[in-house]
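Asks: need coordinates for the below:
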Amino acid sequence: MYQVEKDRIMHYYRFEKEDSDCLVRLRPLFEAKQKEILDGFYGLIFSFPQAKAFLKDEKILCRHRESLGQWLTALFSGQYNEEYFFWLRSIREIHIRIGLPSRYALAAFSFIRETIIGLLLQRGYQREIISVNKILDINLDIIGSYKIRETEVHMLSDAVLLRRAIQSGGILPYVQPVFDAGSGKVAFYECLMRIQDPDSGEIHSIASLIGTAKRLHLYDQLAEIMVGKSMDIFRDLPDSFSLNLSYRDIVNETFIKFFKSRLKDFPNPKRIILEILETDLIEDFEVVNRFIREVKELGCSIAVDDFGAGYSNIRNLLSFNPDYLKIDGVLIEAIPNDQKMANLVGNILQIAGTMGAKVVAEYVSSKEIYENVVEMGIDYLQGFYLAKPFPAAHLILKDKDPEGSDKRRE
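Replies: Predicted structure coming up:
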């Protein structure tokens, strides 16, 4: 395998025996200058917090410096065989395992290149610069591009998963109950997109796949499938449910035409809550406000999702007239240990009261958080402590709400 990779890369960079011989002739110069180069290198690399954290131990730093010295020596060894390429790949794998940013490798190579070329120019070695650039480019190709290659591999894998899931009907609505804090009963269900691998049956959250979906122009198709399936499931159920819409959905004329068509055909639009991120509300006030007015006229309610995470103008927010404020989960999880966060949540409750909006606490993940938010008077509760998401299709098989998920009975 490494022989094939070696031959391919050497051919691509037109690295010949003359280049190898040239580098061998330069070896004495750079062995003499190695300490100077390494001192300058670490002066640069310690500006990267992640590299500094990794190399903070003296023993690790010594081993790293020794390995880097070996790498510099190998640059001018003239021995660029399969073993050399295997070694370079090992360096790349180490970088991947410790999560070293790609900019670390790029900055390191930039410094090494500039330093080496500077030394060559001082001695009038113009022709040798060509060979040095070739071997550095080969090394950068293998060591420095690992993040790009990883991204490409993951994107290809995600693309295959998304396309096959679409073709096989594997875009699945899951739901997570939102409980009334007073009665303990389910007030409504939030619909969440899940992707099912058609081969393994494994379920994936859309969160890790959304970037690929947008790059491959699959996002709009996924949005329509998700909304359509969710509305089909809840059509003949008595429950209220929420759908997550983004700013991208709202400004997509094709999607909005599709959604309004489905909405007009839905037996009771008053059971539908549309969740819009607080940060999306400030993208284009007029466009978002117009959409909210239109869907409210058709019977839908509006929830501002992740409230407290953005920088909404309160006057604008009042004009949206939201029915629910879903407090950002980061704030909720911090309540037990951070009084400032607790005070901020208290302020949000006051704002909601001014608007006439109900408040939902997301990320209720423990008994302590549950008791805190109930004591604060928050209206609705949602989180893994109360109930985890499950396939929306299971609701059709249920004769009653899953009240057994109410942890207050324990």
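
Asks: could you list the domains of this structure?
Replies: With automatic domain parsing as the criterion, the domains of the chain are listed as 2-144, 155-409.

Asks: pick the most deeply packed of those domains.
Replies: Ranked by mean neighbour count under mean count of other CB atoms under 10 Å, these are led by domain 155-409, which reaches a mean of 17. From N, CA and C alone the C-beta is placed, and that goes for glycine too.

Asks: let me see the mean pLDDT of that domain.
Replies: Domain 155-409 carries an average pLDDT of 90.

Asks: and it, how far from the chain's centre?
Replies: With CA atoms, centre = their mean, to the nearest Å as the basis, domain 155-409 stands 18 Å off its chain's centre.

Asks: which residues in this structure form strands?
Replies: 171-180, 186-196, 203-205, 241-245, 272-277, 301-307, 324-327, 358-361, 380-381, 390-391 (DSSP state E).

Asks: can you put these in JSON lines and add distance to residue 21?
Replies: Shown next, in JSON lines, are these (distance: least, CB to CB, whole Å):
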{"stretch": "strand 171-180", "distance to residue 21": "59"}
{"stretch": "strand 186-196", "distance to residue 21": "55"}
{"stretch": "strand 203-205", "distance to residue 21": "53"}
{"stretch": "strand 241-245", "distance to residue 21": "63"}
{"stretch": "strand 272-277", "distance to residue 21": "61"}
{"stretch": "strand 301-307", "distance to residue 21": "62"}
{"stretch": "strand 324-327", "distance to residue 21": "68"}
{"stretch": "strand 358-361", "distance to residue 21": "71"}
{"stretch": "strand 380-381", "distance to residue 21": "73"}
{"stretch": "strand 390-391", "distance to residue 21": "66"}
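
Asks: so for residue 317, which of the ones you listed sits nearest?
Replies: Closest approach to residue 317 among the strands of the chain is made by strand 301-307 (7.1 Å; CB to CB).

Asks: which secondary structure elements does that closest one contact?
Replies: Applying 3 or more CB pairs under 8 Å, 6 or more residues apart in numbering; DSSP states H and E, we find strand 301-307 packed against strand 272-277, helix 278-281, helix 285-297, helix 314-320, strand 324-327.

Asks: that strand pairs with which strands, and in what direction?
Replies: Neighbouring strands of strand 301-307 in its sheet, by DSSP bridges, are strand 272-277 (parallel), strand 324-327 (parallel).

Asks: leaving out sequence neighbours, find the closest residue to residue 172.
Replies: Leaving aside its chain neighbours, residue 172 sits nearest to residue 194 (4.7 Å; criterion: CB to CB, 6 or more residues apart in numbering).

Asks: what's the distance between that neighbour and residue 329?
Replies: According to CB to CB, to the nearest Å, residue 194 stands 19 Å off from residue 329.

Asks: which residues touch the residue nearest to residue 308 when sequence neighbours are not counted?
Replies: Closest residue in space to residue 308, ignoring its immediate chain neighbours: residue 328 at 4.3 Å, by CB to CB, 6+ apart. By CB atoms under 8 Å, 6 or more residues apart in numbering, the residues touching residue 328 are 278, 306-309, 362.

Asks: tell me the phi and psi of residue 328?
Replies: Dihedral pair for residue 328: phi -50, psi 130, per degrees, to the nearest 10.

Asks: now residue 239
Replies: Here is the backbone geometry of residue 239 (degrees, to the nearest 10): phi -80, psi 150.

Asks: report the contact partners of the nearest residue to it once chain neighbours are set aside.
Replies: Nearest residue to residue 239, sequence neighbours excluded (CB to CB, 6+ apart): residue 189, at 6.0 Å. Applying CB under 8 Å, 6+ apart, one finds that residue 189 lies in contact with 175-178, 234, 239-242, 392, 395.

Asks: who's residue 189 bridged to?
Replies: Assigned bridge partners for residue 189, using DSSP bridges, are residue 177, residue 241.

Asks: quick one: it from residue 328, how far?
Replies: 20 Å.

Asks: hmm, back to that, now the residue nearest to residue 308: how far from residue 375?
Replies: Taken as CB to CB, the span from residue 328 to residue 375 is 19 Å.

Asks: re the thing from before, nearest to residue 60, of the strands of the chain?
Replies: Of all the strands of the chain, strand 203-205 sits nearest to residue 60, with 35.5 Å by CB to CB.

Asks: note down every partner strand of the closest one and its orientation.
Replies: Strand 203-205 is paired, per DSSP bridges, with strand 186-196 (antiparallel).
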